[in-house]
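Participant: Build me a model from this:
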Amino acid sequence: MSGAGKKVADVAFKASRTIDWEGMAKVLVTDEARREFSNLRRAFDEVNTQLQTKFSQEPEPIDWDFYRKGIGAGIVDMYKEAYDSVEIPKYVDNVTSEYKPKFDALLVELKEAEQKSLKVSERLEKEIIDVQEISKKLSTMTADEYFEKHPELKKKFDDEIRNDYWGY
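Facilitator: Numbering: from 1, shown residues only. As a prediction, the model looks like this:
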């Protein structure tokens, strides 16, 4: 197996172990997002499987004697010589060191954005619960009960009444 193919297969294998698929799936809200996420995971698994099987194996050696018997020694020896003279250059990774710090910084930024998003989600869930609670009680709620929950509105209305401002 070539060094580059093995390196790609190793990286893909390590990546598949470190991805928290269940954690990411829990964050998804819509059915469409879940479908897209499922497609992404399936595609990732297919590519990873291919990398682990297809590219992680050494190619079968060529049976030159078999071809010598069927075609002739002169042509086969010429092809063997040409085949043996081909040198596949080794992959030298000079890109990872350049982009690794940027990627790590993005990961930190991602974690911060995730925390902010979770806080906003919690706040919005509480607001939704409050609105649902008010909508259930709205038909029987008195103004005093409403103003108990929203004292800033009571102050605003009291100020308007006190200043004789009726909105027109």
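
Participant: and the residue nearest the centre of the chain, backbone torsions?
Facilitator: By C-alpha atoms, centre = their mean, the mean C-alpha position of the chain lies nearest to Met24, the distance being 7.5 Å. Torsion angles at Met24 (phi, psi; degrees, to the nearest 10) stand at phi -70, psi -40.

Participant: Spatially, what comes nearest to it if we skip its sequence neighbours?
Facilitator: Of all residues not flanking Met24 in the chain, Phe37 sits nearest, at 6.9 Å (C-beta to C-beta, 6 or more residues apart in numbering). All C-beta atoms are positioned from the backbone trio N, CA, C, and that covers glycine.

Participant: May I ask which helix or strand encompasses that neighbour?
Facilitator: Using DSSP states H and E, Phe37 falls within helix 31-53.

Participant: roughly how far apart are the closest residue to Lys137 other than its chain neighbours and Leu138?
Facilitator: Excluding the flanking residues, the one nearest Lys137 by C-beta to C-beta, 6+ apart is Glu145, at 7.6 Å. Here Glu145 is placed at a distance of 10 Å from Leu138 (C-beta to C-beta, to the nearest Å).

Participant: What of Tyr165?
Facilitator: 26 Å.

Participant: Likewise for Leu124?
Facilitator: Counting by C-beta to C-beta - Leu124 and Leu138 are separated by 20 Å.

Participant: Ok, Val108 next?
Facilitator: 45 Å.

Participant: returning to what we had before: count of residues packed around the residue nearest to Met24?
Facilitator: By the measure other C-beta atoms under 10 Å, the count of residues near Phe37 is 15.

Participant: Equivalent analysis for Glu145, please.
Facilitator: With other C-beta under 10 Å as criterion, Glu145 counts 11.

Participant: Likewise for Ala73?
Facilitator: Neighbour number of Ala73 under other C-beta under 10 Å is 13.

Participant: quick one: the stretch of helix or strand Ser117 belongs to to chain centroid distance?
Facilitator: Element membership for Ser117, per DSSP H and E: helix 96-137. Relative to its chain's centre, helix 96-137 lies at 15 Å (C-alpha atoms, centre = their mean, to the nearest Å).

Participant: Surely Leu28 and Arg34 touch.
Facilitator: Yes: taking contacts as C-beta atoms under 8 Å, Leu28 lies within contact range of Arg34: 5.0 Å.

Participant: re earlier: which element follows the helix or strand harbouring the residue nearest to Lys137 toward the C-terminus?
Facilitator: Following DSSP H and E, one finds Glu145 within helix 143-149. Next helix or strand after helix 143-149 toward the C-terminus (DSSP H and E): helix 151-162.
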